[in-house]
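# got a predicted structure here, sequence first:
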Amino acid sequence: MRTFKLLAACVVITSCSGVGLAQQVGDTIVVTAETGPLRDQGAACGSVPQGEILYVEEIDHDRFWVVWSSNKTTMMGWISRSDVAPLSQAVNFVDAMLRRNATARAYAIRGAIRCEQDAYEQAIADYTEAIRLDPRLARVWSSRGWTWAQKSEFAKAAADLQQAIRLDPNDPRTLIERGLTSYSAGKLDEAIADFDRVVTLDPRSPYAYAARGTIRLAQNSFEAAIVDVDRAIALDHRFSSAYKSRGAIHLAQNDLQGAIADFDQAIRLNPHDADAYNCRATAYQHHDEDKSFSDLNEAIRINPKAAEYYSNRASIWFRRGQYDKMLSDLDQAIRLEPNEATPYVGRGLAWYAKGKYDRASSEYNEALRYDRNCVHAYVYRGDAERAKGQYDNAIADYEQAIQIAKKSYDKASAYKNRGLVRQSQGEYEKAVSDYDQAISAYRNAIRDDPTDAPACVGLADAARAKADFAEAASNYDQAVLIDPRSAVARNARAWFVATCAEAKYRDGTKAVQDATRACELTSWNDIDFLSTLAAAYAEHADFSNAIKWQEKAIAAASQEQKPKLRSRLELFRAHKAYRQ
């Protein structure tokens, strides 16, 4: 069984940056006045120094609602448009500052702006010059450390952040940056420790609570994560990213309604946040595929440079059998992020579906070049090798997947498919052992997520391979009940009720209905599904249609697929149904 799920993690720590004239929520602005006074309910409530970078949370005529954290506390209020400039114009402002007086502070401001614009090398050069001019500035060490972290150079980041903490051990901003760096490096306990200190030093920081909630989500500490993000929202009800974070927590708990409600609110607060649409698309993935597709289109319209959005949209093209469009989106994802493994895995699935098994294997090879621990690349390369009859290669890939897989579903798929190979080789006892392992792992996956339709299909496939047809029938039915728009689930059930060796489980009428629906959902483009429809008609004793659809499958098939399809065609011409 082939699956290609949405890839978005929907975990939000940093806000999206904006460009233009700072006239919409989510835009990034820079304080250009000597100080930018903040006001709330008509009274002064603080001020922001020149050069600080802010995010617009709300707009009221010529003023913007912002949140800013100093080295002591967090403050929020309205800042005048006349005191700030859009990020896109701020470099010119700082260049003029540097021409007048090339101070460490001016270089640090330009470094921060360049970091926000993802110009990391230039940012590091500016921070380095600022440190040369004044090595006592803790914030500059911290900012350079954060910039190293953006380049995944975590050792350099840690060294700079440690120096910043030596110079100023109680600056919450430095601790936030070190915590986020630890999170990016996978050191979750260290990250939590830093954010524990931050909320003690600055209990008014909504950002700190939201970030700690996100890290707790990564630790699967859902209740604690919700408490943190709720606190962030209580401190700043305009904080759209906090709603995204809470939506991600609901999503991890399979609370789709709660997730969608929070993503809706994030979009209401900031309708220009592409990532909010991407997150909501994940929540809609099986609940409402059309809405998921619409949200991904909007995310790409807002930010056409995010590779993840194209990969996610490719997953919907896959479900719809639009493999050329899938490949087009994945090609774009690779152009944007050529060193990411996931799009290559997706391209492999597309080529596999088109019957190009060698091409599929080469894509999985590329994925493994960039990520040696990519479980899906091993499982799917094993599938491609199995389809080519290269059983030793297939078993080697499945065994590697079993060793490194952390998720029950991935481990189950590897066991099940290794069992299929062993059964083909006549090693029936080993095959049954693999199927038992697969069934156990699939049950674990379903226990963790009862709405996991692919796991139900996988369990049914393994049960069928063991000739436990009652278990297979029950789980195919459950998969279709969970996700009636899943072409994979429909096709799997159709194949079962059309070809099962035990007569009482066969149902030609149901087979034709399910197979037709699977073909409709994939725009009549999937060769395997067309062949299933032919087998369904044969079980229904409609051999004219069986021959018609098998011939269509053969016409669309690759050379690798044709021999097996032709052998079934001869059966149908002899007015015989296929039995597996």
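Arrived safely. Numbers count the residues shown, from 1 in each chain.
# state the helix or strand in which Trp78 lies.
Under the criterion of DSSP states H and E, Trp78 resides in strand 74-80.
# quick check: mean pLDDT across the helix or strand that that strand is followed by?
Going down the chain from strand 74-80, the next helix or strand is strand 84-86, by DSSP H and E. Averaging pLDDT along strand 84-86 yields 94.
# and the helix or strand just after strand 84-86, which residues are buried?
Next helix or strand after strand 84-86 toward the C-terminus (DSSP H and E): helix 87-100. If you call a residue buried by 16 or more other C-beta atoms under 10 Å, then helix 87-100 has these buried ones: 87-91, 93-94, 97. Where C-beta positions appear, they are placed from N, C-alpha and C, glycine not excepted.
# kindly report the same for stretch 226-236.
Under 16+ other C-beta under 10 Å, the buried positions of stretch 226-236 are 226, 228-229, 231-233, 235-236.
# and the contacts of that stretch?
The contact list for stretch 226-236, computed with C-beta atoms under 8 Å, 6 or more residues apart in numbering, reads 57, 67, 76, 204-207, 209-210, 212-214, 216, 239, 242-243, 245-246, 249.
# if we can go back for a sec, with only the CA atoms kept, save the strand holding Trp78 in CSV.
Provided in CSV are the C-alpha atoms of strand 74-80 (Å, rounded to 0.1, in the frame of the first residue of the first chain):
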residue,chain,number,x,y,z
THR,A,74,8.0,42.5,27.9
MET,A,75,5.9,45.5,27.0
MET,A,76,3.2,45.9,24.4
GLY,A,77,1.3,48.9,22.9
TRP,A,78,0.6,51.1,19.9
ILE,A,79,3.6,52.6,18.1
SER,A,80,3.3,55.4,15.5
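# for burial, what's the neighbour tally of Gln322?
Burial measure for Gln322: 18 neighbouring residues, criterion other C-beta atoms under 10 Å.
# do Lys388 as well
When counting by other C-beta under 10 Å, one arrives at 15 neighbours for Lys388.
# start at 46, not 1
Renumbered: residue one is now 46, and that last one reads Lys433.
# thinking it is in contact with Lys401, fair?
No - counting by C-beta atoms under 8 Å, Lys433 does not reach Lys401; the two are 10.8 Å apart.
# list residues touching both of these two?
In contact with both Lys433 and Lys401: Glu605, using C-beta under 8 Å, 6+ apart.
# show me the strands in the stretch 146-295 of the chain, by range?
For the stretch 146-295 of the chain, no strands are identified by DSSP state E, counting those that start in this stretch.
# which stretches of it have low pLDDT?
For the stretch 146-295 of the chain, no stretch has pLDDT under 70.
# contacts only, for the closest residue to Phe240 other than its chain neighbours.
In space, and not counting its chain neighbours, Phe240 is closest to Arg257: 3.9 Å by C-beta to C-beta, 6 or more residues apart in numbering. Arg257 makes contact with 224, 237, 240-241, 243-244, 273, according to C-beta under 8 Å, 6+ apart.
# return the subset of the contacts of stretch 271-281 lying in helices.
Taking DSSP state H as the definition of helices, the contacts of stretch 271-281 contribute 251-252, 254-255, 257-259, 261, 287-288, 290-291, 294.
# domain map for this structure?
In terms of domains, the chain is parsed into 73-361, 384-449, 531-625 (source: automatic domain parsing).
# quick one: contacts of stretch 603-617?
With C-beta under 8 Å, 6+ apart, stretch 603-617 has contacts from 399-403, 432-433, 572, 576, 579-580, 583, 588, 591-592, 595-596, 598-599, 602, 622-623.
# for Ala344, what are its contacts?
Ala344 neighbours (C-beta under 8 Å, 6+ apart): 319-320, 322-323, 326, 351, 354.
# rerun at 7 Å
For Ala344, the contact set (C-beta atoms under 7 Å, 6 or more residues apart in numbering) comprises 319, 322-323, 326, 354.
# widest-spaced pair of those?
With distances taken as C-beta to C-beta, the most widely separated pair in the contacts of Ala344 is Ala319 and Ala326, at 10.5 Å.
# the spatially closest residue to Ala422 that is not a sequence neighbour in helix, strand or coil?
Counting by C-beta to C-beta, 6+ apart, Ala422 lies nearest to Ala412, which is 4.0 Å off, once chain neighbours are set aside. Secondary structure, DSSP: H, G, I helix; E, B strand; the rest coil: Ala412 is helix.
# check the burial of Ala412 by counting its neighbours.
A total of 24 residues lie near Ala412 under the criterion other C-beta under 10 Å.
# then the one 3 residues further on?
Tyr415 has 16 neighbours, counted by other C-beta under 10 Å.
# could you do Arg211 as well?
Residues lying near Arg211 (other C-beta under 10 Å) number 10.
# could you pull up phi and psi at Val75?
phi -130, psi 130 (degrees, to the nearest 10).
# that one bridge partners, please.
Counting by DSSP bridges, Val75 is bridged to Ile98, Ala130.
# and it, how close does it get to Asn265?
The span separating Val75 from Asn265 equals 38 Å under the rule C-beta to C-beta, to the nearest Å.
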